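Engineer: show me how the following folds:
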Amino acid sequence: MKVSERMTTGVHTLSPDASVTAAAELLKKHDIGALPVVDAAGNARGMITDRDIALRCAAEGENPDGVKIREIMSRGIVGISPEADLAEAADLMAKKRLRRLPVLAEGRVVGMLSLSDLATSRSYQMEAGKALADISLPQQ
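Structural biologist: Residues are numbered from 1 along each chain as shown. A predicted model of the protein is given here:
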């Protein structure tokens with residue numbers, strides 16, 4: 001099965017110049033844990049997660065209205081093609097310790113694949129479990 005068959009489409013994104021408050025509001029509104037960060041041309045530049053906001057902004061005592069996403073986002077986005085196999089995606093998620101994987105076509109975000117997307121597919125429940133187990137192990 002291909003990634004495109006299980007991914008979530010209609011992904012919300014933000015500009016690196018948006019405030020951390022704007023990111024937090026979108027995360028809350030859509031009940032999600034991560035947003036791809038894209039430039040003006042729509043190219044993926046990074047990810048902002050609820051964890052980034054908690055650890056790199058709130059825990060540092062920063063005002064989220066005055067902090068730009070570019071200052072706290074995770075850079076070096078790891079993504080996968082919509083044409084890739086789900087087993088390849090699960091392996092990549094496990095190796096890179098990712099719960100969510102942006103789906104990229106020519107550098108642009110076309111979807112998101114989460115562990116729950118894998119877990120709800122009977123054919124890939126074992127891969128999802130292995131990925132979660134690998135992600136949950138302490139880093140060495």
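
Engineer: okay, CA-based contacts and neighbour counts for the rest of this
Structural biologist: OK.

Engineer: for the protein, which segments count as strands?
Structural biologist: Taking DSSP state E, the strands of the chain run over residues 34-38, 44-49, 74-75, 100-105, 108-114.

Engineer: need the mean per-residue confidence for the fourth one.
Structural biologist: This points to strand 100-105. Mean per-residue pLDDT for strand 100-105: 96.

Engineer: hmm, back to that, right, and the strands of the chain - which one's nearest T8?
Structural biologist: strand 108-114 (5.2 Å; C-alpha to C-alpha).

Engineer: for the record, mean pLDDT for the closest one?
Structural biologist: Rounded mean pLDDT across strand 108-114 is 95.

Engineer: residue ranges for the helices of the protein, please.
Structural biologist: 20-30, 50-56, 69-72, 86-96, 115-119, 125-136 (DSSP state H).

Engineer: contact partners for the most centrally placed residue in the chain?
Structural biologist: The centroid of the chain falls nearest to R100 when counting by C-alpha atoms, centre = their mean (4.3 Å). Going by C-alpha atoms under 8 Å, 6 or more residues apart in numbering, R100 touches A34, M93, M112, L113, S114, L115.
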